[in-house]
Structure formats: structure tokens, C-alpha cells
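>>> Quick one: sequence plus predicted model below, questions after.
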Amino acid sequence: MRCKWCNLNNPKYIEYHDHEWGIPNFDDKYLYEMLILESFQAGLSWECVLNKRDAFRKAYDDFDIEKVIKYDDNKINELINNKNIIRNKLKIKASINNSIVFKNIVNEYGSFSYYLKKFTNDKILYENDKTTNKLSDDISIDLIKRGMKFVGSTIIYSYLQAIGIINSHDENCFMYKKMT
């Protein structure tokens with residue numbers, strides 16, 4: 001049995017649920033990709049973003065941060081006109097800005113993972129049926145203070161679930177049993 005939110009009619013969602021969501025992954029490239037994708041989720045479903053993930057990878061140069069931080073108006077227009085991704089101009093511009101802030105955090109802490117550990121003390125939380133908590137509030141406030149956009153507490157909570165800092169698998173889900 002899987003979490004109730006997992007759409008069993010979508011193979012990408014099943015794959016994501018079974019092999020990625022909630023599994024701790026602190027590789028900076030992964031942390032960066034997920035943060036950018038989560039920021040595109042604002043106001044949309046994660047399934048919508050996940051279905052466009054491959055197109056995002058292609059459009060965003062496989063989330064090569066060194067390339068993304070140099071995106072200019074021509075690249076922004078190319079992204080806005082790319083029918084395979086979410087074409088919200090504010091989110092696209094924010095993704096470039098957030099990439100610069102992400103890189104600054106990596107330069108300051110040595111990795112984004114080390115930055116997150118400042119808040120988590122290297123602990124995994126197990127909780128269900130929440131959309132925010134003190135941890136997501138604190139990280140969101142700090143990221144916004146540093147200049148990031150589309151990183152409210154709900155988005156950050158979802159991000160922390162995705163990267164495995166918050167394990168929210170339903171208690172009757174096979175992944176919950178596997179990870180506890």
C-alpha cells in the first residue's frame with residue numbers, strides 16, 4: 001500500500017513515491033533541482049511539476065547552476081515560450097535569482113546540505129498531515145531574508161518532505177515501514 005496522495009494511474013508519480021519522495025538525499029545538485037522545481041509548484045500540484053520534470057531538466061541545462069545563474073533576457077524569453085514547462089515569468093525570473101542565492105549559500109556553508117543542517121541538527125522528522133511547521137517557517141524566513149522568492153513555508157515544507165528531512169509517508173504505506 002502507498003500513501004493516499006499517490007496517483008496510481010501515473011507511473012511517474014508511483015516511481016517518484018517509491019524511489020525518491022521522503023528518502024534522504026543531500027547531494028547539492030539534487031537539493032538545487034528540487035528547490036527550483038518546488039518553487040514552480042506554488043499554486044499548482046506537485047504532480048503537474050513532476051510530469052514536466054524531464055522538460056525542466058532539458059530547458060534548465062540539466063540544472064547546471066553555473067549556467068542558470070548566467071541566464072539572460074534571451075534565455076528567459078526562451079523559457080517563457082517553452083510549452084513543455086511551467087511558463088510563469090515571475091517564477092522563471094525567481095528561479096534564476098534563487099539559483100544565485102543558492103550558490104551564495106553553498107559558498108558560505110560549503111554545501112546547501114550544511115546550510116540545512118544548521119536548522120535540522122541532522123535529524124529526520126516523522127510527521128503527517130501538516131503543510132508547515134517551525135522548521136519550514138525558519139528556513140523559509142531565512143531564504144526570503146537572503147532574497148529567494150516562491151519559498152514560503154508551505155513550499156519549503158514540501159521541499160523538506162521531498163528531500164527526506166521530513167518523512168510524511170502514511171503509516172500504512174510500505175515506505176513508512178521501510179524507513180522507520
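Structure received. Note that this is a predicted model, so its numbers are computed, not measured.
>>> What is the top helix by length along the chain packed up against?
Criterion DSSP state H: the longest helix present in the chain is helix 89-109. If you count contacts as 3 or more Cβ pairs under 8 Å, 6 or more residues apart in numbering; DSSP states H and E, helix 89-109 packs onto helix 28-41, helix 65-68, helix 73-80, helix 112-120. For every residue, glycine as well, the C-beta is placed using N, CA and C.
>>> Name the residues that touch it?
28, 32, 35-36, 39-40, 42, 60, 65, 68-69, 71, 76, 79-80, 112, 115, 118, 143, 146-151 (Cβ atoms under 8 Å, 6 or more residues apart in numbering).
>>> Using CSV, lay out the helices and strands packed on helix 89-109 together with mean neighbour count and mean pLDDT.
Converted to CSV, those look like this (neighbours: other Cβ atoms under 10 Å; pLDDT from 0 to 100):
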stretch, mean neighbour count, mean pLDDT
helix 28-41, 20, 97
helix 65-68, 16, 98
helix 73-80, 13, 98
helix 112-120, 17, 98
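>>> Using TSV, lay out the ones you listed together with distance to Asp54.
Below are these laid out as TSV (distance: least, Cβ to Cβ, whole Å):
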stretch	distance to Asp54
helix 28-41	11
helix 65-68	17
helix 73-80	15
helix 112-120	23
